[in-house]
Every structure is written in C-alpha cells, then in structure tokens.
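Novice: I'll drop the sequence and a predicted model, then ask my questions.
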Amino acid sequence: MKRTGATELIEQLRRQGVLEVVGIPGGNILPFYDALVNSPLRHILARHEQGAAFIAQGMARASGNPAVCIATSGPGATNLLTGLADAWRDSIPIIAITGQVPRKFIGSQAFQEIDIISMAKHCTKATYAITHANEIATIIPKAFAQASQGRPGPVLIDIPRDVFLEEVSLDVIAPCMNIFPISAKPWEHHLGKARALIAEAKRPLLYIGGGIIHGNAAESLRAFSTSLNIPVLSSLMGLGAMRSDDPLFLGMLGMHGHPVANMALAECDLLIVAGARFDDRATGRLDSFAPSARVIHIDNDEGEFHRMRRADCVLHGCADSVLATLQEQLPISDTKHQQWIARLEILRMEYPMPLQSAHQWIQALASTIGDDCLVTTDVGQHQMWTAQSFPFSRPRQWLTSGGLGTMGFGLPAAIGAALACPTQSVLCISGDGSLSMNLQELATLAECGASVKICMFDNAGLGMVRQQQRLFFGERYSACDYTQQIDWCSIANGFGIPAISVTKPSDLGWRKLLCELGPAFIRIAMPCEELVWPHVPAGKSNSEMLMGCNG
C-alpha cells in the first residue's frame, strides 16, 4: 500500500502518542478522513469546529500533552480561531490541522479558500503551510515540540487537499525535536540576589500563576512554601497548585479574589512571582499593586520580565527547577515569619469572604461528586463563584478560560477532559448564557457517553454583564436579560441526557443523578440579583474592594 500524505500524517501523529483526534470533515480534508477509516486513531465528531478546538483544549489541559483538532478549509478553519486564541492566551498545547484548497488554486479565491496562516499567526505559537507530502514527517514532530516545549501554546498546520493525496517519495526519517535545547541555567547567576532578598524579607508572599501548572512545579512550590513558611496566593490559572485547605494558602487574588489575599498584598515587603504575568484582573491598578514590595520574578518566558512590573531580581527558567534550587540553598524554618503569619490571621478575620448562596451550591456539588473530580467552567459569575469556593486539591483539576475569557468553553472542554481521563468524573459548572454558545456539543457528549455532569446556574441572562451595569452604569440594564423562557431539561433530554431542575441544595434527586455513570444535566435556578463579591472596580486598587451584599 503506497504512502500518501494522509497516511503519513496519521503515522506521524501516532508516533507522537496521539490516540484520538477531534474535528469535523469537509471537502478539502476528506482525503485525510478517508485514510482514518483503517487507522488506529479514534476520531471524535464534534458539532462545531470551535467545539472541536475546546475539546482538544480539555484533553491537553487535563493531561498536559498536546491534543489535536481537525477542520476543513475556509469556514472550518476560521471557526477554530477562537479556540486557538484561547489556547494561546492560556499557554495550552494543541495542534490544529486544517485542509486547504489544492495547490494550483491557492490565491485564486477558490471555493472555501482562506489564508488561514495569515489569520492564525497572531494567535498561535507557530504556523506551517505544508506544500509537499515529504514535509509532513519533519513538520509534525517540530510542531509537537514547539507546542509543548518552553512556554506551551497552539500550533496550526495547513495542508492542501492534493498534498494529502500525493505519494511520499522519500523515506524521510522523523527527527527527535528539541526546540529548546538544554543549556546552562541563566538564572543561576541571580540566585545570590534572590537568596538575599528572601532572607531579608519580613512579610513575603508567593504569587503563583498558570506557569506552575504547565511546568509541573506544584510539588516544588509546596515544598518551598512549607520549608520557608511563606504564604501563597494564586491567580485564576494557578488554582490547584496548592490545596485550597493548606494553611499557607490565602486563595485567589484580584478582581474577585479572596479579601485576605488582596489585603495581604498591600502589606507585603517581598513578592515572589512564579509562573504569573501580572494580569490586570489579578493586579487591579498596577501602581498600587504590592506597593511596598520588592519583586523576584520566576518565569520560563523572559518576555514577561519587566513587561507590567519591574522586578528587582529575575530568574529565567522552569519554576520547578528554580524553586527546588532556592529551597535547597535556604535554611528551613517553620517558625520564620510568625509575626507575618499572625498578622494574616487577623486579616482573615477582618476581611472574610462574603457569604454567597452560590458558594453553598458549589460546596454541595463538590461534597457529592467528590472533590477529586475534574472541574471545567465557562466564563461569568459561575466561574468566579467556583474559583472562590471549590475545594481544589491538585494541579490540572481546574480547567477554565482565563486570558481570553471565552464563553462556550466549559462543555466541550469537559468532554475533552473526560476523553483524556476516562476514569475521572468531570463537573462542568456553567451559566445559561455561556452554555448556549456551544450547546450543540451535548450531542457529542451523548455519543461519547462520558461521565460529564453539567450543572448550569440559570439566571435568565448574562449575569456578569448585568452585575457591571448594576454597579457602574446606574442600573441601566441593556441586552443582559433573556425574556424567552427555555425548558433546559427538555433540551438535555432531547439530546439523550438525563436532566433535573432544582432551586436549592436540599431538593431531592440531583445528588443521585450526579453520582450515576454517564452524562447528566442539572439546572440550578439562580436569582438574577445574586452578584459576585468582592468586586474590585476597574481602575481601583485591590484593597478598594466592594464587599456588597446580594439581593
């Protein structure tokens, strides 16, 4: 049997350890789909290409390995772009493979032709336009290496239809790619200054982000924090690196962060930033963020240094290695910083997290399904309530859209997580606004039969939009309320998914549904007056939180 571009692509994917791909066929990708028929790869048929990209993201976020999504040319390729941009902002390794019109038609405005390379280069780590079948054996390993090495990210590969059909004439040996070769550790030259800053600090804090998760540095982080008795606060993307019940963990910082985390920042004298990028939602007004603190910044991407906040010491490298080395070189002391720890306990009492009924729901969900489940969310109030109150216990448990903040992420990402971790239960916490955006993937979930439990807070509108309009636009509500009532349970049942509608945690039936095998849908009625607290207004410092009350 002759080797074609299509069969060579399947072979190269297999060599990269790929077992499953997700996508939607179309005219210019059909030769690849034809080759899939007798291949060892399992194909997951999504219902929308954006859903396919988010399913791949769920697989990659849960496993830490690159995942593959497939689309045809033109609208199929452009539908992937939001998922690629989301992966780029959150440093998620996915490989997008798109079909293209035959080579002789490129540039002729042929049916379903689009220059996807030019469009995608602004939201990917790398793009490749393959022009000959012989290039596949070289480009696929390179793309996977680029997606996963250094700071992870998405890569797009565009392949014309006739390249899939072209015979591979050369016995090309796929190279072992190391895009970022191991070399001398540049951060070692700055260790002395970092050690001195840490030794001098009286009120240190560790500010962590998604780089701790991507760099598999959670164990080193916990050891470093414990051995030096340094409290930790996290960005949205760093949740799970520290157990939420760890006595040294202060919670999430920022616009909807824990009050004690935000107040601690105002008093700290040293901020050790590991795998975080000073996102505006985390820092609030930047000139008042940790105003009295010197900064040690640890990051794998040197482009992040001094970009938002000038650091006193930068350590360019993998957080896992940097933190482990620092810990080895500093004296262990579980009594150090006792005055600072005592001060933080006072702040905890003075600035407790406001009580919110949504927290009761999330804690009830966690206690029923088990707090070791994987958790995905969409974007909005439910996302913040979950970040604030779910008892996270490990890395890669929390899968959410952070940098781009994409509604429609949660359901397909949950499907991907379930595919990557088939023995794990997956809890998808969503809202009625977000779930509407990729609702069609309920069909994909039903076909997969994965144990994904969708818990949708239904406040009949766009809750976070409404919250901003209530607080900052004089309660002038515009395009935030849904007037058309929807029977969500009938919709879920129509896709073949068991469903129940409830109003309070004491209602009967939902706990049993949550614990059964297979998919399930739980609609939770939520008053539109329920807001997320605290809330740091735009342009204000994190210590200027609105603590509010619901109702």
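Specialist: Done, it's in.

Novice: burial of residue 121, as a residue count?
Specialist: Residue crowding around residue 121 was assessed by other CB atoms under 10 Å; the count is 12. Every residue, glycine included, has its C-beta placed from N, CA and C.

Novice: now do the nearest residue to it once chain neighbours are set aside, the pLDDT please.
Specialist: Nearest residue to residue 121, sequence neighbours excluded (CB to CB, 6 or more residues apart in numbering): residue 127, at 5.1 Å. Looking at residue 127, its pLDDT is 98.

Novice: how about residue 127, secondary structure?
Specialist: strand (DSSP: H, G, I helix; E, B strand; the rest coil).

Novice: please apply the same query to residue 263.
Specialist: Applying three-state DSSP: residue 263 is helix.

Novice: contacts only, for it.
Specialist: 347, 350-351, 543 (CB atoms under 8 Å, 6 or more residues apart in numbering).

Novice: over to residue 513?
Specialist: Neighbour list for residue 513: 453, 498, 500, 520, 522 [criterion: CB under 8 Å, 6+ apart].

Novice: how about these in CSV, adding secondary structure and distance to residue 113?
Specialist: Listed next are the contacts of residue 513 as CSV, based on DSSP: H, G, I helix; E, B strand; the rest coil; distance: CB to CB, whole Å:
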residue, secondary structure, distance to residue 113
453, strand, 42
498, coil, 44
500, strand, 47
520, strand, 43
522, strand, 44
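
Novice: now, among these, which is nearest to residue 478?
Specialist: Distance to residue 478 across the contacts of residue 513 (CB to CB) is lowest for residue 522, with 30.2 Å.

Novice: verify the stated contact: that closest one with residue 452.
Specialist: No - Residue 522 is beyond contact range of residue 452, at 11.6 Å (criterion: CB atoms under 8 Å).

Novice: mind listing the helices for the stretch 201-350 of the chain?
Specialist: With DSSP state H, counting those that start in this stretch, the ranges of helices along the stretch 201-350 of the chain come out as 210-214, 218-228, 259-267, 280-283, 319-329, 338-350.

Novice: tilt between the third one and helix 338-350?
Specialist: Here helix 259-267 runs at 130 degrees with respect to helix 338-350, directions being taken by axes from the mean of the first three to the mean of the last three CA atoms, to 10 degrees.

Novice: count the neighbours of residue 41 for me.
Specialist: 15.

Novice: low-confidence ranges, the stretch 1-150 of the chain, go.
Specialist: In the predicted model of the stretch 1-150 of the chain, residues 1 satisfy pLDDT under 70.

Novice: now tell me what touches stretch 345-353 from outside.
Specialist: With contact meaning CB under 8 Å, 6+ apart, stretch 345-353 is reached by 251, 258-260, 262-264, 359, 388-389.

Novice: TSV please, covering those residues and showing pLDDT and distance to residue 141.
Specialist: Below are those laid out as TSV (pLDDT from 0 to 100; distance: CB to CB, whole Å):
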residue	pLDDT	distance to residue 141
251	97	41
258	97	43
259	97	48
260	97	47
262	97	45
263	97	49
264	97	45
359	96	46
388	97	42
389	96	43
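
Novice: CSV for those residues, including distance to residue 458?
Specialist: As requested, the contacts of stretch 345-353 are arranged in CSV below (distance: CB to CB, whole Å):
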residue, distance to residue 458
251, 27
258, 26
259, 28
260, 31
262, 30
263, 34
264, 36
359, 17
388, 20
389, 19
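
Novice: among those, which pair sits farthest apart?
Specialist: Pairwise distances across the contacts of stretch 345-353 peak at 21.0 Å for 264 and 359 (criterion: CB to CB).

Novice: out of these two, which sits in the more crowded spot?
Specialist: More neighbours surround residue 264 than the other of residue 264 and residue 359, with 26 against 16 (other CB under 10 Å).

Novice: so that one makes contact with residue 231?
Specialist: Yes - contact criterion CB under 8 Å: residue 264 and residue 231 qualify, at 6.9 Å.

Novice: anything in contact with each of the two?
Specialist: 205, 250, 344.

Novice: point out where the stretch 451-551 of the chain drops to low pLDDT.
Specialist: 549-551.

Novice: helices along that one, start to end?
Specialist: Along the stretch 451-551 of the chain, counting by DSSP H, counting those that start in this stretch, helices occupy 463-472, 488-494, 510-515.

Novice: tell me the most buried of these?
Specialist: Comparing the helices of the stretch 451-551 of the chain by mean neighbour count (mean count of other CB atoms under 10 Å), helix 463-472 ranks first with a mean of 19.

Novice: what is the burial count for the residue nearest to residue 455 when sequence neighbours are not counted?
Specialist: Leaving out its chain neighbours, the residue that sits closest to residue 455 by CB to CB, 6+ apart is residue 522, at 4.7 Å. Using other CB under 10 Å, residue 522 is surrounded by 27 other residues.

Novice: give me the distance between residue 522 and residue 457.
Specialist: 10 Å (CB to CB, to the nearest Å).

Novice: what mean pLDDT does stretch 432-446 get?
Specialist: Here stretch 432-446 scores 97 as its mean pLDDT.

Novice: what's the end-to-end length of it?
Specialist: Length of stretch 432-446, first residue to last, CA to CA, to the nearest Å: 19 Å.

Novice: buried sites along that stretch?
Specialist: By neighbour count on 16 or more other CB atoms under 10 Å, the buried set for stretch 432-446 is 432-439, 441-446.
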